[in-house]
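> The following block contains a protein sequence and its predicted model.
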Amino acid sequence: MGKIVDEPRKILVIWPPQVLSYFNAGHHLALYQVTGHLRAVYPGAQVTAIDASVERLTWKDLGSRLFQERYDVIAVMNEFDGIDGLRRLVSYARALNPDAPIVTFGRLSGVNPRFFERFDIDAIVENGDFESGVVAAIEAFRDRAADAAGVHLRRDGSWAAPQRRGDLLPAEDWYLPTPDEIPYGHYDALYFDDANKFCGIPRRRELVVPAARGCPVGCSYCEVPLIYTRKERRLTVERTLQYIEESFAAAPFEYVAFYAPTFTLDKKWMEELCRELTGRGSPYPWKCATTVHHLSEGMIRSMGAAGCVRISVGLETLDPQEGALLPRAKQKSAVDLDRLSAWCKESGIELNCFVIVGLPGTTIEGAERTIEAVQERGGRARPTVYAPWELAGPDLLDHEMAAFNRQLFVPGTHALTDEELARGYDIVFGSQPDVTQVFENIPARAAGPALRPA
């Protein structure tokens, strides 16, 4: 372990340099929420957030910062596709900022924490909120006798698993970043080509609003219950709207992206949100992600009136035999899709359907049929490859772990023929005919106060 810190004076929160396989601004939001939380917990500290992948930093840029700033603690965010630069980042930190303990947090350590024991780091956040996990690690760095809820600690050359789950923060304690903290200009460029099937809407700038954490649906391939539990926590409608209003007044955002595992889970909350937005004249176009099960005709009508322009749903598959592999709430048919697509069309909402290619027990042909059904109904399909997390053990090599990025079929975990593999990859990487035009429904705004430059 690096030097045990007293009250930290300088903390670095960083996403390592890498070529991203996928971009979703909501997934990167935790970097800035952790940063803001640390500033509140350690008010005398200088806490810096760097998304080196998005900001296109070179290793020289990063090395210079590590050497000149000499951070007291380094918190590294990990992701499903975010380990490529981790080993190199750690080597730079150990050479240029050697006294700083290193803790990693993120979605990948939430499903495979012991994989990170091979790296020369000092703590691994497994579960609980990322903010509380990083704080627990820092306090353990300060007191070698302290336990750290939800955090694996390395002491005297060996690793100790946490004795209890990580802490969950009340929603009122979540930090909501200000627009100038986030490199939104870079986000615009990443979303520009909609054929990549990233989650953002091209040609318009989104404000990400972290509305909820936790989900009771219980999909086996989802990390949310493992990290945040199956109990949902949610911002109040009042704070949600206040954040949107303040952010739109401060910078030239053009639509809102609500970031929540199942956005329409709480019906009363949705009714209040739609009522408040409609009462204000529906000034903010917005999008969200949820399940088919948690939508109704009346709710969609209210959402459309309140400014909703896109609903994304975890459709996954339409094949009845395949659907049995999914949680009951996800087992939907073509009839359900017919209803949902009709409701969305009537309300002027684009329907975006997540489809899983390679789900156990399914076929490539089934995935092709599901996507065709979505497109025939005027929807947009976003395919990803199934990642069998139950097979992602701690002994995987870096390149083996990198294959679980939801874009590649993991070698040795499927029985697909070469022809089926080629068809599967054509679904994900081939021509995408159903690119969005929904930006035409979102008014463009004149440039306002400057955001972080691209």
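Great, that's in hand. Note that the structure is predicted; figures quoted are calculated from it, not measured.

> Point to the residue nearest the middle of the chain.
residue 27 (2.4 Å; Cα atoms, centre = their mean).

> Help me confirm that that residue is found in a helix?
Yes: under DSSP: H, G, I helix; E, B strand; the rest coil, residue 27 falls within a helix.

> residue contacts, the residue lying closest to it once chain neighbours are set aside?
Of all residues not flanking residue 27 in the chain, residue 79 sits nearest, at 6.7 Å (Cβ to Cβ, 6 or more residues apart in numbering). In short, each C-beta sits where N, CA and C put it, glycine included. By Cβ atoms under 8 Å, 6 or more residues apart in numbering, residue 79 lies in contact with 15, 27, 106, 107, 108.

> Which one of the residues you listed is nearest to residue 264?
residue 27 (20.2 Å; Cβ to Cβ).

> What does residue 89 show for phi and psi?
phi -60, psi -40 (degrees, to the nearest 10).

> For it, give its distance to residue 326.
Distance, residue 89 to residue 326, by Cβ to Cβ, to the nearest Å: 37 Å.

> can you check residue 261 too?
In terms of Cβ to Cβ, residue 261 sits 15 Å off from residue 326.

> again with residue 212
21 Å.

> cool, residue 37 as well?
For residue 37 relative to residue 326 (Cβ to Cβ), the value is 35 Å.

> Could you do residue 215 as well?
Distance from residue 215 to residue 326, by Cβ to Cβ: 14 Å.

> Residue 352 too?
18 Å.

> neighbour count winner among the two?
Comparing residue 352 with residue 326 by other Cβ atoms under 10 Å, the one with more neighbours is residue 352, at 24 against 21.

> So the more buried one, which state does it fall into?
Assignment for residue 352 (three-state DSSP): strand.

> Count the neighbours of residue 353 for me.
Residue neighbour count, defined by other Cβ under 10 Å, stands at 27 for residue 353.

> Over to residue 151?
Residue 151: 30 neighbours (other Cβ under 10 Å).

> Could you pull up phi and psi at it?
phi -130, psi 130.

> burial of the closest residue to residue 398 other than its chain neighbours, as a residue count?
Here the nearest residue to residue 398 in space, its sequence neighbours aside, is residue 83; by Cβ to Cβ, 6+ apart that works out to 6.0 Å. Here the number of neighbours of residue 83 (other Cβ under 10 Å) works out to 24.

> ok so residue 83 is a strand residue?
No: assigned with three-state DSSP, residue 83 falls outside any strand and is coil.

> Pretty sure it sits against residue 396.
No: counting by Cβ atoms under 8 Å, residue 83 does not reach residue 396; the two are 10.1 Å apart.

> Format the contacts of residue 79 as CSV; extra columns: pLDDT.
Formatted as CSV, those follow (pLDDT from 0 to 100):
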residue, pLDDT
15, 97
27, 95
106, 96
107, 95
108, 95
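
> What about these, which are in strands?
15, 106 (DSSP state E).

> Would you mind putting the contacts of residue 79 into CSV with distance to residue 284 alongside?
Output for these, formatted as CSV (distance: Cβ to Cβ, whole Å):
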residue, distance to residue 284
15, 28
27, 22
106, 29
107, 28
108, 33
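
> now, which of the contacts of residue 79 sits nearest residue 362?
For the contacts of residue 79, the closest approach to residue 362 (Cβ to Cβ) belongs to residue 107, at 23.8 Å.
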